[in-house]
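Q: Return atomic coordinates for the entry below.
(chains A and B)
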Amino acid sequence: MIEVSGLRKTYGDFAAVVDSDFSVDDGEVFGIVGPNGAGKTTTLKILAGLVEPTDGEVTVAGFDASDPEMRRHLGFLPEESPLYEEMTALSYLRFFADLYDVPREVADERIEAALDRLELDHRERRLGDVSKGMKRKVAIARSLVNDPDVLVYDEPASGLDPVTTNSVLAFTRELRETGKTVVFSAHNLYHVESVCDRVVVMNEGRIVARGSVDGIRERHGETTYRVFTDAEPTATPALADLDATTEEVGDRFRMAVPSMDAVAAVREAVADAGGEVVDIRSREPSLEDVFLDIVGRPMPGRYTGDLGGDSGKSANDEDAGESGGTKAASTTEATE
Amino acid sequence: MTDRIRRVARRCATGVRRVLRRLAVGVRRVLRVARWESARASGGVDRRTLAAGIALLLVAGGVVGVGVATGVAGLDVDRDVYRVGVDPGSPYAEAIDEEASLRPVSPETASIGDSADAVVVTVIRPGSGDDGTIDGADVEEVVVRATDTQKGEAAAASVREAVESHNERLMRAEPNQTAAFPVTVTLRYVGRTTGFDDGATLGGGGSDDGTGGESDSGSDATDGKIDSRGSETGDASSGGNSTSRTDDTETGDGPSGGGSADGGPDGSDSGVDGSDTSIGDTDSGDADADSSDDGGFAVPSIGGGTFGADTVGSPGSITPPFPFTSLLLAFAFLVPMNFLIQAYGSSILDERTNRRGEPLLVTPLSPAEIVAGKTLPYAAAAAVVTSLIALAVGGGALSVVAVAPIAAAFLGATFVGAMFARSFKELTFVTVGVSVLLTTYAFVPAIFTNVTPVALVSPLTLVVFDLQGEAVSAGEALFSTAPMAVGAALLFGLGLGVYREEDMFSQKPVTRKFLDALAVRLFAMPAGAGAVGGGVLDRDRLRALGSVALLTACTIPFVFVAELLAVAVLFALPVTVSIPVLLVTIAFVEEVAKSVGLYAGFERGVFARTDGVGDGDGVGDGDGRLRVALAVGLASGTGFFLAEKVTAVVQAVGLTDLFLGRAAFGDVTGLSGLPPLALAALFFAPLVLHVATTSVASVGASRGRTAYAVALTLATLGHAAYNAGVVSLG
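A: Numbering: from 1, shown residues only, chains lettered A, B, ... in the order given. Model prediction:
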């Protein structure tokens, strides 16, 4: 559905995107991740035909990205989307449907469906008088009035409260189920992780990693094991000499080690010190960890500490990864 | 063969259908945006504000209506201001009685300074009036005596004006208008002098056609031509605008045959009822009338005949008959523009604020369709308001047609300003600047409507003509309106260049956006390009050079307007000052016009400024850059030369009759006696000039800002020297 080849965009001496290649399949939700200035937004704008590439080829839905006809098949949600505040939600959406030559009856049907799904009330209220979340939902609805094949969403949940964020993310997941192709960028890696099938990681205009979220995690992240014990890490020389990151958590100590062999060594040392292993948990690497590993620096403005201590799953708990994600998300929202 | 023709015809028909379909789609889209823009704009005003506005309008209308009604009822404040003692049997009694501001009182009871502000004293010839009646022949002298106060002087002046008006009405009532307003033409030939002579004015090197042929100022050649419209104008405006001079020897059958009715506006020497009486202190009109004889009332015959502008002058040499009323009414057309551009500029900038208009750019609509749709409601509002004003002030279709390019220029300039402005604060400066500049450009030249062809620089002059009831030729209308109309279109084109994501939502300085707007119209010059020894010109290179030539050609309306403005501004100064300034100004304007696009191209990388443009032929890469600079310089100079020829229209309206006009727009038309080869050389001399100076500036532009500034200065000086040579030849 989308083919990008040798994409390059420069502004004077500054290269915003350098030699970018990727493709997006039909019905796929594709994520673009990266820090500020990585070239994500520029890439999305090139896909939307807003910015002309300096070099390279970009086709969307079978059209060159600069072809106005392509825009009939595209829905675009920019990172910022101030609306015409004098207009009501309904008149605003009808206006855009009109520009896409959508018949009034069909437009009203689509608008109603989108607004219902997005739980948007106050449709006759002027957009200047509604909340930021409502405006974002109107902007999302706007991207759907022409029933596009491809949706390009730049930070769709940026700056929204957790409830609205979850609503928007859930909506995006539903879009995939309806066969839409979605290209999605976000600062919040959890958003990308929870929605996207595949991602590319961009840094300084270049794609530095690509693949499925799990694939990238496998390549660039490692599972860590956390051993909870009541033994002080300095109780015995054997404990002190262990290659483990130790932290005091309440009345216990948490020792993070990279492998099961290391876990066995910790258990042995704790037993020698007369202590007891209370719990053992595993933690899968988050996309943020992967990002940190690839880019060499944390996401700007992001929470980089422990995302809640652990995933809440024991070494044998197969299903705890999902709950860990939820926990991480809550922490992320709290820090935004 | 027949099949082939059919196929071609079918293809043509398909092509036409496709074009029409696209056009229809485009129009539909524009109308949609226009409809929603109107809804948005009106949505910004809540119903209460709208109701309050309508109520205010109604109140204002009511006040005006009441005023009119009370005026009809005789309650106007101008009535019976001055008390004038006059004998009911006096020939002046009727004139005073007809004037609303004057109240006649009996001379027996009138006491100056007490019961009367002025008294008309009629001195009867001895022995006359014995039959009990007094007519004009019985009057020896009429004197108006007034108090030595401002009111007394005003009363005396009003009496004089009342008598003049009365005389005018009598003249108009005469069945023989030729006798009532006779014309005498006196031919007098004088030797040609140069325009640089002391005392020569910019207005025409002393060309004082139409001044009745009696002027003895330095004149090139007075052919004594009397323009027919000049005479008609005189008729229409109490003779004041006439270039004619009455001659009492030819008016034997006219009732006003007595006296020396000079036909000037203040020529109050005209008699009453055939008498040659003068009105005491009020005969100062003689002086004015005399000045008319000396060429003071130089009335141009703009629009007369085919481009027949044969009367010129300057404020320094004439006493222009300013058409105040028409001018004021014409100014009314400009007032709404100022409000309109505020709303329009805000709407455009609103699209750019917080990237609000970004979603529109992702729709299938082109930027041109979006802008057209957003502009249409304001253009329509301008058309409606202009039509209403025209109806109100008595203007016709010509007024509306003339104001249209002004409105377009207001909107175009505001559009560009709103696209370049970075905030509403900057937009305020832009709109004020647009208002002041365009109002000045439109209004100031129109002041000289009846004085000089320079006035035709402004379309508002056409409005003044229209309000005066004068005909305007198609050439004059085109000359007046085309530069502004084309300029407005190009302004929209300039703004459209930056109606894209990369420029709309950025905070670039105005200068950078301006360069962006120019550079976006250029095509890149392929590496190794260069017309000068650069090898075969392939399609890409031709396209690049063609874009340069076209961009430069598009600057012509602005160059033209700037030069006309310079002429208008320098019009009143002595030629010893204005000519050198004008020559340098024009050279600078033209050199900037030719090279600024090239500078933009080099700045924005459309033309490579680095040494990487060598063509690989072993010549240094610096040579490649030089070749590109020379090639684009050649293209730009050629484009300018070709477009400049369009300005030949000034020949048609007689602007080159002006000495300053020749300096600004002169060509080789006056050198028809030269051999063809010399004429051809002179014809193409400007091409050589433009190519040479633009190449200099282009080479500078290819090397950076400072080098461009230096090169531009050199090019300007060279160009000014050439201009000086042309003027001295002419």
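
Q: Enumerate the residues of chain A near chain B.
A: By CB under 8 Å from any CB of the partner chain, the part of chain A that sits against chain B consists of A:11-12, A:45, A:48-52, A:68-69, A:71-72, A:74, A:76, A:78, A:80-84, A:86-87, A:91, A:95-96, A:98-100, A:126, A:139, A:142. Bear in mind the C-beta positions are built from the backbone N, C-alpha and C, glycine included.

Q: and those, which are buried?
A: Neighbour-count burial (16 or more other CB atoms under 10 Å in any protein chain shown) applied to those gives A:45, A:48-51, A:71-72, A:74, A:76, A:78, A:81-84, A:86-87, A:91, A:95-96, A:98-100, A:126, A:139, A:142.

Q: so of the residues you listed, which ones are in strands?
A: Among these, the residues falling in strands (DSSP state E) are A:74, A:76.

Q: Kindly tell me how buried residue B:353 is, as a neighbour count.
A: 13 (other CB atoms under 10 Å in any protein chain shown).

Q: can I assume it is in contact with residue A:82?
A: Yes. Applying CB atoms under 8 Å, one finds residue B:353 in contact with residue A:82, separated by 7.5 Å.

Q: helices or strands next to the stretch of helix or strand residue B:406 belongs to in the packing?
A: Here residue B:406, judged by DSSP states H and E, is contained in helix B:397-420. In terms of contacts (3 or more CB pairs under 8 Å, 6 or more residues apart in numbering or on different chains; DSSP states H and E), helix B:397-420 is packed against helix B:324-352, helix B:367-393, helix B:424-447, helix B:459-468, helix B:474-497, helix B:510-519.

Q: what's the fourth one packed up against?
A: With contacts defined as 3+ CB pairs under 8 Å, 6+ apart, the secondary structure elements packing on helix B:459-468 are helix B:324-352, helix B:397-420, helix B:424-447, helix B:474-497.

Q: check whether the last one contacts chain A.
A: In this case it means helix B:474-497. No. Judged by CB under 8 Å from any CB, helix B:474-497 stays clear of chain A, getting no closer than 13.0 Å.

Q: Could you list the buried residues of that helix?
A: Quick answer for helix B:474-497 (16+ other CB under 10 Å): B:475-477, B:479-497.

Q: Let me see the ranges of the helices in chain A.
A: Taking DSSP state H to define them, one finds helices in chain A at A:40-47, A:89-99, A:104-117, A:132-142, A:162-177, A:189-195, A:213-220, A:237-240, A:260-272, A:287-295, A:320-335.

Q: Same question for the stretch 1-150 of chain B.
A: B:2-43, B:47-72, B:93-98, B:150-173 (DSSP state H, counting those that start in this stretch).

Q: and the longest one, average pLDDT?
A: Spelled out, it's helix B:2-43. Across helix B:2-43, the average pLDDT comes to 84.

Q: show me the contacts for whichever residue of the stretch 151-300 of chain A sits closest to chain B.
A: Nearest residue of the stretch 151-300 of chain A to chain B, counting by CB to the nearest CB: residue A:152, 8.7 Å away. Residue A:152 sits next to A:44, A:47-48, A:74-77, A:182-183 when contact means CB atoms under 8 Å, 6 or more residues apart in numbering or on different chains.

Q: Roughly how far does the nearest residue to residue B:518 once chain neighbours are set aside sit from chain A?
A: Spatial nearest neighbour of residue B:518, chain neighbours left out: residue B:600 (3.9 Å); criterion: CB to CB, 6 or more residues apart in numbering or on different chains. Taking CB to the nearest CB, to the nearest Å as the measure, residue B:600 falls 14 Å from chain A.

Q: wait, residue B:600 sits on residue B:511?
A: No. The criterion here is CB under 8 Å, and residue B:600 misses it with residue B:511 at 10.0 Å.

Q: neighbour-wise, which of those two wins?
A: residue B:600 (23 against 10).

Q: for that one, phi and psi?
A: phi -60, psi -40 (degrees, to the nearest 10).

Q: contacting residues around it?
A: Counting by CB under 8 Å, 6+ apart, residue B:600 has contacts B:514-516, B:518-519, B:522, B:606.

Q: Tell me the confidence at it?
A: We note a pLDDT of 91 for residue B:600 in this prediction.

Q: Dump the contacts of residue B:600 into TSV; add pLDDT and neighbour count as well.
A: Rendered in TSV, the data for those read as follows (pLDDT from 0 to 100; neighbours: other CB atoms under 10 Å in any protein chain shown):
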residue	pLDDT	neighbour count
B:514	86	19
B:515	88	21
B:516	87	20
B:518	89	24
B:519	89	22
B:522	88	22
B:606	84	23
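
Q: So which of these is the closest to residue A:233?
A: Residue A:233 lies nearest to residue B:516 out of these, by CB to CB, at 62.3 Å.

Q: ok, the closest one - contacts?
A: B:497-498, B:502-503, B:508, B:600, B:604.

Q: which pair in these spans the largest distance?
A: Greatest spatial distance among the contacts of residue B:516 (CB to CB): B:502 and B:600, at 14.9 Å.

Q: what's residue B:148 sitting at in phi/psi?
A: Dihedral angles (degrees, to the nearest 10) for residue B:148: phi -80, psi 50.

Q: right, I mislabeled it, should have said residue A:145
A: Dihedral angles (degrees, to the nearest 10) for residue A:145: phi -60, psi -30.

Q: close enough to count as contact, it and residue A:103?
A: No. Using CB under 8 Å, residue A:145 is not in contact with residue A:103; the gap is 11.6 Å.

Q: Which one's more surrounded, those two?
A: Legend: neighbour count by other CB under 10 Å for residue A:145 and residue A:103, higher for residue A:145 (24 against 10).
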